[in-house]
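> Kindly return the folded structure for what I paste below:
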Amino acid sequence: MTEVLSTEERFPTLTDEGRRLLQWMQEHPCAPKFNHRCGDRMNATARDRVRAYELELRAQPALWSHGEIPAWLDEALPQWFEHVPLYRAQGEQPRSFFDIPTTRRADLCRAPWAFVPDTEALKDLVVYNTSGTTGERLDIPSHPETVTRYVPLLRAALATRGLTLAGGAGRVGVMTVCFQKFTFTFASLSSYLDYCGLMKVNLDPGDWKDPSHPVKFLDACNPEIYTGDPLAFAELAKLPLTTRPKAIVSTAMALSRGLREHLELRFGCPVFNLYSMNEIGPIGVENSDEPGVFSLLQHKLYVEILDAAGRPCAPGERGEITVTGGINRYLPLLRYRTGDFAVLEFRGRTPVLKGLEGRAPVIFKGVSGQRINNIDVTLALWPLAITQFSLHQNADASLKFTVRGNADPAQVRAKLENLFGASQPLTIVTLSETDIPTGKMMQYTSDIPEAAR
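Model (predicted):
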């Protein structure tokens with residue numbers, strides 16, 4: 001049986017003003033069809049820990065030199081090898097950090113519990129289910145404080161251009177927008193930001209009672225900041241909104257320069273390009289005066305660049321971004337290969353990422369001309385036993401689906417034809433589990449020009 005939490009359990013220190021705002025967001029006559037309820041589950045002690053983290057973040061930027069191991073990591077490694085089941089199973093801690101075996105998403109998919117330290121109490125464990133943009137279902141063990149620590153990191157990104165996220169009682173602080181056939185949507189609050197509103201809405205017309213409601217509701221909310229991905233922002237820019245946010249923060253997918261400039265002109269505010277992952281949180285923010293250069297945000301996230309054999313690359317040499325540390329106490333990552341590629345440069349002792357090859361958003365075209373978000377493809381295939389896949393649409397609109405795993409090709413075909421149309425031309429190529437690509441497998445690509453999709 002699924003436990004249903006009360007409002008008081010979701011918000012242990014809820015104020016009267018916070019309760020009124022939550023009710024207003026949920027019951028507004030133009031509100032979307034919210035399909036989920038959630039809360040930050042933060043008590044006063046937890047908020048104090050996040051405040052301490054924010055102060056530490058401001059005082060201790062990410063600093064190290066090539067081949068150097070930061071002091072915080074030297075201190076953490078013996079604890080992880082003693083208390084984290086996955087690392088303990090490797091045996092004695094190697095003398096050199098660079099001799100420690102790497103981990104990857106497949107390890108987390110296979111045994112997420114093996115990453116949870118024995119020393120952590122499980123009463124506050126939250127399991128976050130996601131498929132991201134990789135096509136692999138992932139259950140991430142997490143903690144309420146992990147989500148709240150996004151606020152200091154978001155503030156750190158905004159500070160690079162002299163802005164902040166103020167929050168405050170009685171207002172909507174952050175509105176996350178999506179554009180897909182299905183996603184969880186909700187109205188919530190941030191006790192860390194004095195119970196300001198947090199919201200996630202889907203701009204798909206099916207999520208609203210009337211076509212006029214999205215504009216009326218978003219203008220009524222007048223959020224301080226919009227977050228989301230480029231596909232959602234492209235739809236947001238089409239709405240005749242009269243309100244203007246302080247900033248727009250793009251995450252999850254690669255943001256093109258053209259769309260960034262269009263959004264800045266349309267909304268009259270800065271647009272921030274964040275490099276972020278569900279397992280790790282915000283990793284870096286693109287410098288406004290250096291396109292393609294990302295400054296690191298987390299002071300206790302160690303970043304390496306590795307070649308295909310797992311060897312450290314020299315500064316300026318392109319390879320796979322590999323991370324250690326993070327903000328999730330239930331998920332201390334150790335040499336975790338992200339599947340993303342970039343160059344690591346050092347400016348003195350300050351590391352920056354250049355030439356990041358992220359996950360580009362793609363709109364596909366169905367047999368009836370319907371536009372299909374790549375996230376909808378991921379969700380459609382979620383129930384199948386797929387280790388990894390890629391989907392490519394040719395210029396003639398035919399599809400090529402390349403898959404690794406035990407999924408039944410007939411089931412794959414049925415899922416995709418249900419999404420694209422029964423007459424969709426489709427070729428399925430199956431790879432063996434041992435056929436590992438040396439580079440990044442781009443999940444979604446298309447030869448159809450954007451203007452024709």
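
> Relative to the whole chain's centre, how far out is the biggest helix by length in the chain?
With residue count as the measure and DSSP state H as the assignment, the chain has helix 44-59 as its longest helix. Here the centre of helix 44-59 is set off from its chain's centre by 22 Å, with Cα atoms, centre = their mean, to the nearest Å.

> Stretch 351-369 now?
With Cα atoms, centre = their mean as the basis, stretch 351-369 stands 14 Å off its chain's centre.

> what's the span of that stretch from first residue to last?
With Cα to Cα, to the nearest Å as the measure, stretch 351-369 spans 45 Å from end to end.

> What average pLDDT does that stretch get?
Averaged over stretch 351-369, pLDDT sits at 82.

> for stretch 209-225, same thing?
Confidence for stretch 209-225, expressed as mean pLDDT, is 98.

> re earlier: go through the longest helix of the chain and flag the buried ones.
Neighbour-count burial for helix 44-59, counted by 16 or more other Cβ atoms under 10 Å, picks out 46-47, 50, 53-54, 57. Every C-beta, even on glycine, is put in place using the N, C-alpha and C of the backbone.

> and the two most separated of these?
Pairwise distances across these (Cβ to Cβ) peak at 16.4 Å, for the pair 46 and 57.

> Just give the closest residue to residue 333, not the sequence neighbours.
Distances taken as Cβ to Cβ, 6 or more residues apart in numbering place residue 326 nearest to residue 333, at 5.3 Å, with adjacent residues excluded.

> Quick check, the one you found in contact with residue 281.
Yes: assessed by Cβ atoms under 8 Å, residue 326 is found in contact with residue 281 at 6.6 Å.

> if we can go back for a sec, distance of the residue nearest to residue 333 from residue 200?
23 Å (Cβ to Cβ, to the nearest Å).

> Show me the helices in this protein, by range?
According to DSSP H, the chain carries its helices in the segments 7-10, 16-27, 44-59, 71-83, 85-88, 105-110, 144-148, 150-159, 213-221, 230-236, 257-267, 374-381, 409-420.

> can you list the domain ranges for this protein.
Domain segmentation of the chain under automatic domain parsing yields 7-357, 363-452.

> Give me whichever of these is most buried.
domain 7-357 (a mean of 17; mean count of other Cβ atoms under 10 Å).

> so how far is that domain off the chain centroid?
Taking the mean C-alpha point of domain 7-357 and that of its whole chain, the gap between them comes to 6 Å (Cα atoms, centre = their mean).

> In this structure, which strand is the longest?
Determined from DSSP state E, the single longest strand within the chain is strand 333-347.

> Quick check: which helices or strands does that one pack against?
strand 103-104, strand 301-306, strand 318-325, strand 350-357 (3 or more Cβ pairs under 8 Å, 6 or more residues apart in numbering; DSSP states H and E).

> ok, that strand: who's next to it in the sheet?
Strand 333-347 has the following sheet partners, assigned by DSSP bridges: strand 103-104 (parallel), strand 318-325 (antiparallel), strand 350-357 (antiparallel).

> Now do the second one: everything it contacts.
In this case it means strand 318-325. With contact meaning Cβ atoms under 8 Å, 6 or more residues apart in numbering, strand 318-325 is reached by 72-73, 76, 102, 280, 283, 298, 300-308, 313, 332-343, 353, 355-356, 440.

> okay if I get the helices and strands packed on strand 333-347 as TSV plus distance to residue 27?
Converted to TSV, the helices and strands packed on strand 333-347 look like this (distance: least, Cβ to Cβ, whole Å):
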stretch	distance to residue 27
strand 103-104	45
strand 301-306	40
strand 318-325	42
strand 350-357	42
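
> between those, which one is nearest to residue 143?
Evaluated with Cβ to Cβ, these place strand 318-325 nearest to residue 143, the distance being 15.2 Å.

> Using PDB, write out the CA atom coordinates for that closest one.
Listed in PDB are the C-alpha atoms of strand 318-325, where the atom choice follows Å, rounded to 0.1, in the frame of the first residue of the first chain:
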ATOM      1  CA  ARG A 318      38.700  15.700 -24.700                       C
ATOM      2  CA  GLY A 319      37.200  12.800 -22.800                       C
ATOM      3  CA  GLU A 320      34.300  11.600 -20.700                       C
ATOM      4  CA  ILE A 321      33.200  13.700 -17.700                       C
ATOM      5  CA  THR A 322      33.600  11.700 -14.600                       C
ATOM      6  CA  VAL A 323      32.500  12.900 -11.100                       C
ATOM      7  CA  THR A 324      33.100  12.200  -7.500                       C
ATOM      8  CA  GLY A 325      31.100  13.500  -4.500                       C
END
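
> Contacts only, for residue 64.
Neighbour list for residue 64: 70, 302, 349, 351 [criterion: Cβ under 8 Å, 6+ apart].

> Okay, the nearest residue to residue 31 once chain neighbours are set aside and residue 30: tell me how far apart.
If you skip the residues right next to it in sequence, residue 31 has residue 217 as its closest partner in space, 5.7 Å away by Cβ to Cβ, 6+ apart. According to Cβ to Cβ, residue 217 and residue 30 sit 4 Å apart.
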